[in-house]
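K.L.:
just to be clear, the model below is a prediction. Sequence and coordinates:
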Amino acid sequence: MTDHHEQNDRVKNFTLQIPEEDMQFGTGEKESISSFSDGHPKAPEGSAEKEQRKQKRADKRNHRRRSRMKGARNRWLFRITWLVMVLLLGMAAGVFLVGGTSDLLGMNRMDKGTVEVVLPDDPTVEDAAQALYKAGAIADTGFFKLYCQITNNKDYFLGGTFQLDASLDYEGLISALQSQQNLETVKIMFPEGATVLQIAETLEENGVCSAEEVLKACNDNETFEVYDVVAEIENEDELYYKLEGYLFPDTYDFYKGEDVESVLSKMVYNTTRRLTSDVREMIEKSGMTIQQVMTLASIVQAEASDEADMYKIAAILENRLESGASHDIYYLNCDSTTFYPYRTKEDVPEDERETYVSRYDTYTVKGLPAGPINNPGIDAIRAVLDPSSEMSGYYYFCHDKDGNPYYARTSSEHEANMREAGLLE
């Protein structure tokens, strides 16, 4: 009990001992007491360290974010730089290949004639390349050495002095430098309008390659598609000869026994070379494909009597194609197409001559035939792309036996012209 009374006395006599200076509020000298009443919970002990750690984490996140953004920019910059490098390398490779192909086929040396090439004893491919370059037989030693490497012709050349035709392709030059005697060459001129059949016969007659080889190669669906003019052909199943129209008429030097692919490649490449940038721009503006232009040009080549006549006939044929139906004209009606791939009825094999029907006959085929009927020259091509403006409204033409042309607007005028030309009695 005594203990109990003593505890009660201590409770009654208890007083809170707070220093007087600590009882002063609002002086701004002491840190204020926080409570939940102002919306901010009292910070626990050690909060400064936590805030620092929190700030560091935020800084790291911001750094990673900036790094990702910078990395993304760097990746795009790398991709753009890489793309530019690839394009530049591609263009450089394209220039290298175009120039090299021209040199490989001898197209840039067609007018140089015979050159003398001197090789030392036991020559290397480097010796051969330098000697050919010095003589003017090649224009690119690097491409020549690459060709020798690819064709496994780099290890064997003969020493001596060689008289070579500078227009020979690489294979011809290599064969000459690897043989005991110079290759026999032949110069052949193919006239404008020559057909594949005529070209094949001429090559065989001159001992270059057989006509059978030429005709077979002219329907090869892969070898010549490296040339855009051939690669763009889409109706090869309808054609008699796929390369008809693309063996440019010109004067060429071949060696006897030359590979048929080499022979035809030289001629097709010449076509791509003659279709210069301005000609290709005109083709694009015409709305026609290269095949359509070459087809129409081949008919103009066959029908016209001279260059001036080409531009007028081109205009008349285009008038027929564009607006002939409004004048009851539905066909081109060109005699030059009637017996293709033969020139005339007499050229058709005798056993089928009387019943022969050409798939290209423009008396029965509306519009253009499936492909060219010969190999036109550049004048006929340009005539198709820039026909005479004087022939507006003209739909008929004919020639007398001397090649003098007659043009007409109507069928009655045409009939009168044919009588005057001696084509009707």
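P.N.:
That came through fine. Residues are numbered from 1 along each chain as shown.
K.L.:
dump whichever helix or strand Y406 is part of to PDB, restricted to CA.
P.N.:
Using DSSP states H and E, the element containing Y406 is strand 405-408. Once non-C-alpha atoms are left out, strand 405-408 reads as follows in PDB (Å, rounded to 0.1, in the frame of the first residue of the first chain):
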ATOM      1  CA  PRO A 405       7.300   7.500-153.300                       C
ATOM      2  CA  TYR A 406       3.600   8.500-153.500                       C
ATOM      3  CA  TYR A 407       1.500   9.500-150.500                       C
ATOM      4  CA  ALA A 408      -2.300   9.800-150.200                       C
END
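K.L.:
avg pLDDT for that strand?
P.N.:
The average pLDDT within strand 405-408 is 98.
K.L.:
let the chain start at 44 from now.
P.N.:
In the new numbering, first residue 44, that becomes strand 448-451.
K.L.:
same for that strand, what does it pack against?
P.N.:
Taking 3 or more Cβ pairs under 8 Å, 6 or more residues apart in numbering; DSSP states H and E as the contact definition, the neighbouring helices and strands of strand 448-451 are helix 350-366, strand 439-442, helix 454-463. C-beta: built from backbone N, CA, C; applies to glycine.
K.L.:
the same query, at a cut-off of 6 Å, please.
P.N.:
Contacts defined by 3 or more Cβ pairs under 6 Å, 6 or more residues apart in numbering; DSSP states H and E place strand 448-451 against strand 439-442, helix 454-463.
K.L.:
which elements pack onto the longest one?
P.N.:
Helices and strands touching helix 454-463, as assessed by 3+ Cβ pairs under 6 Å, 6+ apart, comprise strand 439-442, strand 448-451.
K.L.:
most tightly packed of those?
P.N.:
By mean neighbour count, with neighbours taken as mean count of other Cβ atoms under 10 Å, strand 439-442 ranks first of these at a mean of 20.
K.L.:
run the chain-centre distance for that one.
P.N.:
Its chain's C-alpha centre lies 38 Å from the corresponding centre of strand 439-442 when counted by Cα atoms, centre = their mean, to the nearest Å.
K.L.:
with just CA atoms, put that strand into CSV.
P.N.:
Extracted C-alpha coordinates of strand 439-442, given in CSV (Å, rounded to 0.1, in the frame of the first residue of the first chain):
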residue,chain,number,x,y,z
TYR,A,439,-1.4,5.5,-147.7
PHE,A,440,1.9,5.2,-149.6
CYS,A,441,3.4,3.3,-152.5
HIS,A,442,6.5,3.4,-154.7
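K.L.:
that strand: partners in the sheet, and parallel or antiparallel?
P.N.:
strand 448-451 (antiparallel) (DSSP bridges).
K.L.:
picking up where we left off before, please work out which of the helices and strands packed on strand 448-451 is packed deepest.
P.N.:
Taking mean count of other Cβ under 10 Å as the contact definition, the stretch among the helices and strands packed on strand 448-451 with the greatest mean neighbour count is strand 439-442, which reaches a mean of 20.
K.L.:
tell me which of the helices and strands packed on helix 454-463 approaches V400 most closely.
P.N.:
Evaluated with Cβ to Cβ, the helices and strands packed on helix 454-463 place strand 439-442 nearest to V400, the distance being 23.7 Å.
K.L.:
all strands for the protein, in order.
P.N.:
Taking DSSP state E as the criterion, the chain carries its strands at 157-162, 203-208, 228-232, 294-298, 439-442, 448-451.
K.L.:
put together TSV for those strands, with distance to C377 on each row.
P.N.:
Converted to TSV, these look like this (distance: least, Cβ to Cβ, whole Å):
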stretch	distance to C377
strand 157-162	43
strand 203-208	39
strand 228-232	26
strand 294-298	28
strand 439-442	10
strand 448-451	14
